[in-house]
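Peer 1: The following comprises the amino acid sequence and a computationally predicted model.
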Amino acid sequence: MRRDRKYLFIGLCALMMVALLCGVTISGENATITGTVNDSYQITADDGSIYEVGDTEKGNEMVVNCVGKQVKATGVVEEIEDVKTFAVTSYEVIGE
């Protein structure tokens, strides 16, 4: 009987960890950022904030085609340990 309780406890702990990790993953908020793209996979926003460009199809396309250009990008911002990551869903070049 004690062995069953032990496995039940371990299973509940594992379930709670999965729930917490999923909560962090889906807690990003939608945003639009205007800034300059650099060749280090970053966007320097007009307010001076630096966002790491996430590994998405649109994000990779933007970095390849828009280095040094001013863009308006829409996507999901996630902040983990003071690092802001921006998963680009769409973008447009607004300046050269």
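Peer 2: Yep, that arrived. Residues are numbered from 1 along each chain as shown.

Peer 1: Parallel or antiparallel, list what pairs with whichever strand or helix holds Val77.
Peer 2: Using DSSP states H and E, Val77 maps to strand 70-80. Next to strand 70-80 in the sheet, as set by DSSP bridges, lie strand 29-38 (antiparallel), strand 83-95 (antiparallel).

Peer 1: chain center to the shortest one, what's the gap?
Peer 2: Once both centres are worked out by Cα atoms, centre = their mean, to the nearest Å, strand 29-38 turns out to sit 11 Å from its chain's centre.

Peer 1: got the contact list for it?
Peer 2: Strand 29-38 is contacted from outside by 43-46, 49, 51, 53, 62-63, 66-77, 86, 94, using Cβ atoms under 8 Å, 6 or more residues apart in numbering. For glycine as for every other residue, the C-beta is placed from the backbone atoms N, C-alpha and C.

Peer 1: Can you select the buried ones from the residues you listed in ChimeraX?
Peer 2: Per 16 or more other Cβ atoms under 10 Å, the buried members of those correspond to this ChimeraX selection:
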select :43,45,51,53,62,63,66,71,73,75,76,77,86
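
Peer 1: Mind checking the strands paired with strand 70-80 for the one nearest to Tyr7?
Peer 2: strand 83-95 (36.9 Å; Cβ to Cβ).

Peer 1: Next one: the residue positioned nearest the centre of the chain from Tyr41, what distance?
Peer 2: Central residue of the chain (Cα atoms, centre = their mean): Thr85, 3.7 Å from the mean position. Counting by Cβ to Cβ, to the nearest Å, the gap from Thr85 to Tyr41 is 10 Å.

Peer 1: Now the common contact residues for these two.
Peer 2: Common neighbours of Thr85 and Tyr41 (Cβ under 8 Å, 6+ apart) are 52-53.

Peer 1: Burial check on Gly11, number of neighbours?
Peer 2: Counted with other Cβ atoms under 10 Å, the neighbours of Gly11 add up to 10.

Peer 1: same question but for Asn65, I mixed them up
Peer 2: For Asn65, using other Cβ under 10 Å, the count is 12.

Peer 1: Check the gap between Gly54 and Glu79 for me.
Peer 2: 12 Å.

Peer 1: of those two, who's got more company?
Peer 2: Shown here are Gly54 and Glu79; by other Cβ under 10 Å, Gly54 has more neighbours (19 against 12).

Peer 1: That'll do, ta.
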